[in-house]
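K.L.:
following is a predicted model, sequence given first.
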Amino acid sequence: MNYYNFQTPRYLVVIEQIREKIKEGKLEPGERLPSEMEFAKELGVSRNTLREALRILEEENIIIRKHGVGTFVNEKPVFSGGIEELFSITDMIERQGKKPGTEILFTGYVDPHGDDIKELNLEKNEQVFLVKRVRTADETPLVYCIDKIPANLLEKGYKLNQESILVSLEEVGITISYAKAEIKTMSYNEEISDIMNCDQDTPLLILRQIHYDLNNRPVLYSINFFNSNQISFNVLRKRNI
């Protein structure tokens, strides 16, 4: 019996068929799809119909194409969380039962960029304390972190003593109250993708945040680059009634 309305475009039916195969475990995360000819024959559709279905599934990040290699079911992200919750990377890793780690690439006082001056409300000639780190989960790179703190908020000789920068700031009397966040994606970047062990077909997920203290002062500007195959963020949206 055919449960689909005859008016339903065939490629939409194919999309649901592929989703069901993934849901039922007939197609596993990371598994390579059959060739277009084989898959179209298996599903009983034309190759053009299959291509349209795969195009949409790729836009939804359900499948991923690797040039010269094939098309694969996208890996399920290991980490996920609501973007409305202000969490530290350390907390996120520990919640998944994994061991957090840190590789420090740079710490020190530097002159700010234009964005730093604007986002942190800096005066002329003010510096920022810059921290560049790779956060790992069970020794696997998860996020490349760039954190900037106004130098005038820190005592001379300040050092990052904790894996969580939020905890480290609390030790010097700076409590983060809230943050404004922005999420974007970025294609392959030679420097950052190599640090994160991402191939050229894996986009980076960028979480940019301005953190404010209890007095509504901007005290931390952070830019985090995630491997998009390892993490997903979600937002709880409520309707005003």
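P.N.:
Structure's in. What do you need? Note that the structure is predicted; figures quoted are calculated from it, not measured.
K.L.:
so where do the helices sit in the protein?
P.N.:
10-23, 36-43, 47-59, 89-95, 114-119, 165-170, 190-195 (DSSP state H).
K.L.:
weakest of those in terms of mean pLDDT?
P.N.:
Here the helices of the chain differ in mean pLDDT, and the lowest is helix 89-95 at a mean of 83.
K.L.:
give me the distance from that helix to the chain's centre.
P.N.:
Offset of helix 89-95 from its chain centre (C-alpha atoms, centre = their mean, to the nearest Å): 14 Å.
K.L.:
equivalent analysis for stretch 16-30, please.
P.N.:
That offset, for stretch 16-30, works out to 23 Å (C-alpha atoms, centre = their mean).
K.L.:
residues contacting residue 166?
P.N.:
88, 176, 211 (C-beta atoms under 8 Å, 6 or more residues apart in numbering). Backbone N, C-alpha and C define where each C-beta goes, glycine included.
K.L.:
wait, residue 116
P.N.:
Neighbouring residues of residue 116 by C-beta under 8 Å, 6+ apart: 122, 128, 148, 221.
K.L.:
got a list of what the second one touches?
P.N.:
Okay, so that is residue 128. 109, 110, 111, 112, 116, 120, 122, 148, 149, 150, 151, 221.
K.L.:
for residue 33, see how far away the fifth one is.
P.N.:
In other words, residue 116. Between residue 116 and residue 33 the distance is 45 Å, computed by C-beta to C-beta, to the nearest Å.
K.L.:
follow-up on the earlier one: redo the contacts of residue 166 as TSV? Include neighbour count, distance to residue 102 and pLDDT.
P.N.:
Below are those laid out as TSV (neighbours: other C-beta atoms under 10 Å; distance: C-beta to C-beta, whole Å; pLDDT from 0 to 100):
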residue	neighbour count	distance to residue 102	pLDDT
88	17	12	77
176	19	19	92
211	24	19	95
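K.L.:
show me which of the contacts of residue 128 are buried.
P.N.:
Neighbour counting over the contacts of residue 128 (16 or more other C-beta atoms under 10 Å) leaves 112, 116, 120, 122, 148, 149, 150, 151, 221 as the buried ones.
K.L.:
list the contacts for the last one?
P.N.:
Applying C-beta under 8 Å, 6+ apart, one finds that residue 221 lies in contact with 115, 116, 119, 120, 128, 147, 148, 149, 209, 210, 211.
K.L.:
what residues are bridge-paired with the fifth one?
P.N.:
Residue 128 forms beta bridges with residue 110, residue 150, as assigned by DSSP bridges.
K.L.:
so for it, what's the pLDDT?
P.N.:
Per-residue pLDDT puts residue 128 at 96.
K.L.:
how close does it get to residue 185?
P.N.:
From residue 128 to residue 185 the distance is 26 Å (C-beta to C-beta).
K.L.:
what's the answer for the last one, then?
P.N.:
Per C-beta to C-beta, residue 211 is found 22 Å from residue 185.
K.L.:
below-threshold pLDDT in this protein: ranges please.
P.N.:
Scanning the chain for pLDDT under 70 picks out the ranges 1-7, 76-85, 234-241.
K.L.:
please enumerate the strands of it.
P.N.:
63-66, 70-73, 79-82, 100-110, 128-137, 140-150, 176-186, 204-213, 218-227, 231-234 (DSSP state E).
K.L.:
pipe those into a markdown table and attach distance to residue 164 per row.
P.N.:
Shown next, in a markdown table, are the strands of the chain (distance: least, C-beta to C-beta, whole Å):
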| stretch | distance to residue 164 |
| --- | --- |
| strand 63-66 | 32 |
| strand 70-73 | 34 |
| strand 79-82 | 15 |
| strand 100-110 | 8 |
| strand 128-137 | 10 |
| strand 140-150 | 11 |
| strand 176-186 | 10 |
| strand 204-213 | 12 |
| strand 218-227 | 12 |
| strand 231-234 | 17 |
